[in-house]
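[1] I would like to see how this sequence folds:
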Amino acid sequence: MAVSKVEKAELVKKFGANEKDTGSVKVQVALLTERIKTLTAHLKKNDKDHTARRSLLVLVGQRKSLLTYLERKDRDAYLTLIQELGLRK
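    Numbers count the residues shown, from 1 in each chain. Below is the predicted model of the structure:
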């Protein structure tokens with residue numbers, strides 16, 4: 001269910017300022033989105049896994065908070081990011 005090291009490195013390289021930029025808001029949102037996708041796929045197969053469902057809700061809340069912060073600070077970057085990740089407003 002976790003994001004592999006290779007996938008994480010690709011996301012950091014794509015959304016970060018450099019290869020070691022794991023703390024920026026864009027990278028964090030991208031990593032959370034990838035984890036949300038894997039948990040969603042897991043829950044489609046295992047609909048009674050309530051622990052995973054709660055974890056999914058926590059991750060969605062974290063991503064929402066980061067996106068709200070990014071929208072407040074840099075609206076253009078926010079719009080670009082949600083378009084690249086395929087998220088809705």
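[2] D76: neighbouring residues, count only.
    If you count neighbours by other Cβ atoms under 10 Å, D76 ends up with 7. (Each C-beta comes from the backbone N, C-alpha and C, glycine too.)
[3] same deal with the one 4 residues further on?
    Using other Cβ under 10 Å as the criterion, T80 is surrounded by 12 other residues.
[4] now do the buried residues in the helix or strand that contains it.
    T80 belongs to helix 75-85 when assigned by DSSP states H and E. For helix 75-85, burial by neighbour count (16 or more other Cβ atoms under 10 Å) applies to 78, 81-82, 85.
[5] now swap in stretch 46-62 and tell me
    Quick answer for stretch 46-62 (16+ other Cβ under 10 Å): 52, 55-56, 59.
[6] out of the residues you listed, name the ones that lie in strands.
    Among the buried residues of stretch 46-62, DSSP state E puts none in strands.
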